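In: Model the following, please.
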Amino acid sequence: MTTREKEKATSRNNNSLWLIAIVLLMTACENVKLHSFHQINGEWSANDTLEYICDFPIQQQGHYNVDIELRTTAFYPWRELWIGMVHMVNDTTATSTDTIRCEIFNEAGRQKGTSTGVLYQTSHPAGTIHIAPGDTTRLKLFHLMDREVTGVTDVGIKVYGRHQSSGN
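Out: Residues are numbered from 1 along each chain as shown. Coordinates of the predicted model:
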């Protein structure tokens, strides 16, 4: 094989790799509907409830995945953070209340998540919620620790990936 033929073969392989990468990126999209953070200034008090309004337009009802995302520093004092999540529809009573265990440090004491300098971001699955066209859906988060929480800089919510409801 000549040098020119080798260059053409390498070019074809590189083009194939780029095509595969593009297809993977396109199929990896999670159909994110809401991705929002609340900044915590100093301490997160036991009385502070963070509210997220899911006011995105939808055409079909369905169940959506929910993740809680935390940004923490190395000064977070515990291994985990327990969070309560209340799901409300159309400003009525709660349709569901869940407790989510968010692991911040692993068993070896290493901080989990991805790092951007001094902050670490972790994502924690929080189940699914049902949303129908015209619904005003609110998610309320509060921590379940027995005192103020330090070392948490931001608390976020991600709602994504509609799953068709039964009976549609």
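In: quick one: the nearest residue to V149 once chain neighbours are set aside from F142, how far?
Out: Spatially, and ignoring its direct neighbours in sequence, V149 is nearest to W44 (4.2 Å; C-beta to C-beta, 6 or more residues apart in numbering). Where you see a C-beta, it was placed from the backbone N, CA and C, and this is true even at glycine. Distance check for W44 against F142: by C-beta to C-beta, to the nearest Å, it reads 9 Å.
In: Also D154?
Out: For D154 relative to F142 (C-beta to C-beta), the value is 15 Å.
In: now swap in G84 and tell me
Out: 5 Å.
In: Who has more neighbours out of those two?
Out: More crowded of G84 and F142, by other C-beta atoms under 10 Å: F142, with 18 against 14.
In: Show the contacting residues for the closest residue to the more buried one other than its chain neighbours.
Out: Leaving aside its sequence neighbours, F142 sits nearest to T49 (C-beta to C-beta, 6+ apart; 4.7 Å). For T49, the contacting residues are 140-142, by C-beta atoms under 8 Å, 6 or more residues apart in numbering.
In: Okay, and which of the residues you listed map to strands?
Out: Under the assignment DSSP state E, the contacts of T49 contribute 140-142 to strands.
In: quick revisit: is it true that the residue nearest to V149 touches D154?
Out: No: contact criterion C-beta atoms under 8 Å: W44 and D154 do not qualify, at 10.3 Å.
In: neighbour count winner among these two?
Out: W44 (22 against 14).
In: and that one, how far is that from G151?
Out: 9 Å.
In: just D135 next, same as before
Out: 35 Å.
In: neighbour-wise, which of those two wins?
Out: Set D135 next to G151 and count neighbours by other C-beta under 10 Å: G151 wins out with 19 against 15.
In: Tell me who's in contact with the more buried one.
Out: Counted by C-beta under 8 Å, 6+ apart, G151 has contacts 72-77.
In: Can you check these and name whichever has the most neighbours?
Out: Busiest of the contacts of G151 [other C-beta under 10 Å] is T72, holding 26 neighbours.
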